[in-house]
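Student: With the sequence up front, the predicted model follows.
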Amino acid sequence: MKPVIHPADYYRRMLAAQSHALKRLDGSAAIVKLNRDQQVPEDDGTAGHWYYVIAGSVRWSTVRSDGRRQILDLMLVGDFFFVGSSQREDAIEAVSEETVLASYSGARLENLGERDRQFARELREITFQSLERTRHQLVVLGGVTTADKVSAFLLLLEERYGDQEGDIRLPITRYDLAEYLAVSVETVCRAFSDLQQRGVIALIGIRTVRIVDRDALQHQNGRKYPNAGSDNIAA
């Protein structure tokens, strides 16, 4: 089933309903709609652009020496990220079939930041958010086994997007998750299967995961019972 393509004003209304640090500039933000694997527009100037993810997801990736792609950063709904000349050698692309971004001119943000102390604090806030996202990624990648990494990723998604039943809609495919975790897709699938067989999660359809035993998931990730870890499974 093809995704519904909405007009730009639909996403402007979505943007208006979301709370974020650059709220006062929403009226002048450009709405950028991308299909899966489409490159986020680059800016020829030196100031670049800040982007806010309204819908979908974006990956920042590079190609390793062995030819495999490695996702360096994953931007989901509510995340800011910067695109400038320094990233030209990497790929910054849409992951979801319909990814929608709000684009803010880096030059304008810098000018406002120099004149307005409050706005300068807001600009620092989105910079700190990017650093916090990197910290979360290091926690995910720090797992000893793939099951550890998948558990950390699911807990991070639940914290941001989970509903009251513990259901999480995965924003990326298992192939993308494998590139994010720097493992094979077969290993990722085995980790999901193992967690499901042990009653830690339930797979509802292709892209929805329900957390059944949160304590066990936290234990797998090392957040609970930090001295226990001898029973970590290898996936």
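Tutor: Now that the structure is in, tell me what you want to look at.

Student: avg pLDDT for the longest helix that the chain contains?
Tutor: When the chain is scanned for its longest helix (criterion: DSSP state H), the result is helix 117-141. Helix 117-141 shows a mean pLDDT of 88.

Student: can you check stretch 34-43 too?
Tutor: 88.

Student: do the same with stretch 216-235
Tutor: Summarised as a single mean, pLDDT over stretch 216-235 is 56.

Student: Where do the domain boundaries of the protein fall?
Tutor: Domains of the chain are assigned by automatic domain parsing as 8-140, 143-221.

Student: ok, and which of those has the densest surroundings?
Tutor: Scoring the domains of the chain by mean neighbour count under mean count of other C-beta atoms under 10 Å gives domain 143-221 as the most buried, with a mean of 18. Using the backbone N, CA and C atoms, a C-beta is placed for each residue, glycine as well.

Student: Now do the end-to-end distance for that one.
Tutor: This stretch, domain 143-221, spans 7 Å end to end (C-alpha to C-alpha, to the nearest Å).

Student: how far is it from where the chain is centred?
Tutor: 14 Å (C-alpha atoms, centre = their mean, to the nearest Å).

Student: ok, now stretch 22-35?
Tutor: Put simply, stretch 22-35 sits 18 Å off its chain's centre (C-alpha atoms, centre = their mean).

Student: Please apply the same query to stretch 8-23.
Tutor: 18 Å.

Student: Equivalent analysis for stretch 132-145, please.
Tutor: Centre-to-centre, stretch 132-145 and its host chain are 12 Å apart (C-alpha atoms, centre = their mean).
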